[in-house]
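A.B. asks: turn this into a structure:
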Amino acid sequence: MTVARCSVRSALLDEPMQGTASRVRRYLLIEDPGPWGVEALRDSRLPDGLKRELRRRSRFTGVRVLLIRRFGGPRVVRQPQVYVVDTAAPPTAVGGQLTDVRDVLDPSFWSTTPGPHPDLDQHSGSLLLVCTHGRHDPCCAERGRPVARALSQAYPEQTWECSHMGGDRFAGNLLCLPDGIAYGRVAPEDAATIAREYLDRRLDLAHLRGRGRYPFAVQAAEWHLRKELQLTGIDDLVLAQHQTDEVGVTAVFTTTSGVAWSVRMRISHAPPRHVTCHAKQPFAAPQFHLLQISKL
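C.D. replies: Have a look, this model is predicted:
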């Protein structure tokens, strides 16, 4: 019996995407043309010692390491492009080419506070990352590569393929940096429009998974408030505070005019199921239900 891909099952179930962006504040992006294998930092062709140290530092610091490559780009990269991105407000990015990829082990790449990098310059542009990591999950290749192709044609300088970013069942997945805004179920015909909106500082609510620097329930709360107020500007809402209790989460946002809004969310869990194509165990994914929106 043929089992449907995880992205097909998720779409058929109409699984909500709001509140599913991976919780990441800081990214280290390293250009590596691949192949990446099942687990990029274990199976790629980066030097073995470097791969082990990247995995160790990522676990210790919380910095998410993603491998990136150009769609249809060179098979060998002599001076890899590297970016360090901090999605916390205000989001920042630095980038540059390294003579030796092992230089990413310099402590400046892993500092928890923004500071100068000896080999990187301030990057004022945006980065559009599309997960195409098919060995990790086939949905990411089957649905991600057509999106990467479309975006690379429309925005060649900003677009990169990337290794696993999370949320395979929502492929095609698009991560917009430096803001850390994630989109899911992106089709090739919609990709350039979503990217253009982001570059113009606007959000596409139909495909929005969330802003990764927020907790999952807060991501969902922001989506519901934006839908209620019809606000699509990236900077239209600022998170003022949030708190969790035995029922759920209350998040308070302020608008650019200084008006505060409270959003109350209840947290539950979906029935356990295999949420990726290669999952060995079922997982009960969290779900977020809007209880109340009130003006303060």
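A.B. asks: where does the stretch 151-296 of the chain dip in pLDDT?
C.D. replies: Within the stretch 151-296 of the chain, no stretch falls below the threshold (pLDDT under 70).
A.B. asks: tally of neighbours for Ser44?
C.D. replies: Number of residues near Ser44 (other CB atoms under 10 Å) recorded here: 20. All C-beta spots, glycine's among them, are computed from the backbone N, C-alpha and C.
A.B. asks: backbone dihedrals for the nearest residue to it once chain neighbours are set aside, please?
C.D. replies: Residue nearest to Ser44 in three dimensions, not counting chain neighbours: Trp36, with 5.0 Å by CB to CB, 6 or more residues apart in numbering. When read as degrees, to the nearest 10, the backbone of Trp36 gives phi -100, psi -20.
A.B. asks: for stretch 59-74, measure first residue to last.
C.D. replies: Counting by CA to CA, to the nearest Å, you get 30 Å between the two ends of stretch 59-74.
A.B. asks: for stretch 122-129, that is, sorry about that
C.D. replies: Across stretch 122-129, the terminal residues are separated by 19 Å (CA to CA).
A.B. asks: list the contacts of Phe170.
C.D. replies: Taking CB atoms under 8 Å, 6 or more residues apart in numbering, we find Phe170 in contact with 7, 10, 17, 20, 184-185, 209.
A.B. asks: excluding chain neighbours, what is closest to it?
C.D. replies: By the measure of CB to CB, 6+ apart, the closest residue to Phe170 outside its immediate chain neighbours is Gly184, 3.1 Å from it.
A.B. asks: burial check on the one you found, number of neighbours?
C.D. replies: Neighbour count for Gly184, taken as other CB under 10 Å: 25.
A.B. asks: repeat for Gly172
C.D. replies: Counted with other CB under 10 Å, residues neighbouring Gly172 total 29.
A.B. asks: quick check, it in contact with Asp190.
C.D. replies: No: Gly172 lies out of contact with Asp190 (CB atoms under 8 Å); the separation is 9.3 Å.
A.B. asks: intersection of neighbour lists for these two?
C.D. replies: With CB under 8 Å, 6+ apart as the test, Gly172 and Asp190 reach no residue in common.
A.B. asks: all helices of this structure, in order?
C.D. replies: Under the criterion DSSP state H, helices of the chain are mapped to 6-12, 40-43, 48-61, 138-154, 188-199, 216-229.
A.B. asks: those helices: which one's closest to Arg25?
C.D. replies: Arg25 lies closest, by CB to CB, to one member of these: helix 48-61, at 10.2 Å.
A.B. asks: packing partners for the closest one?
C.D. replies: If you count contacts as 3 or more CB pairs under 8 Å, 6 or more residues apart in numbering; DSSP states H and E, helix 48-61 packs onto helix 40-43, strand 64-69.
A.B. asks: mean confidence for it?
C.D. replies: Averaging pLDDT along helix 48-61 gives 94.
A.B. asks: how about the strands of the stretch 151-296 of the chain, start to end?
C.D. replies: 159-162, 174-177, 181-183, 208-211, 237-244, 248-255, 260-269, 286-295 (DSSP state E, counting those that start in this stretch).
A.B. asks: mind putting those strands in CSV, distance to Arg196 and mean neighbour count included?
C.D. replies: Below are the strands of the stretch 151-296 of the chain laid out as CSV (distance: least, CB to CB, whole Å; neighbours: other CB atoms under 10 Å):
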stretch, distance to Arg196, mean neighbour count
strand 159-162, 12, 26
strand 174-177, 11, 26
strand 181-183, 13, 26
strand 208-211, 15, 25
strand 237-244, 21, 14
strand 248-255, 24, 20
strand 260-269, 28, 17
strand 286-295, 29, 15
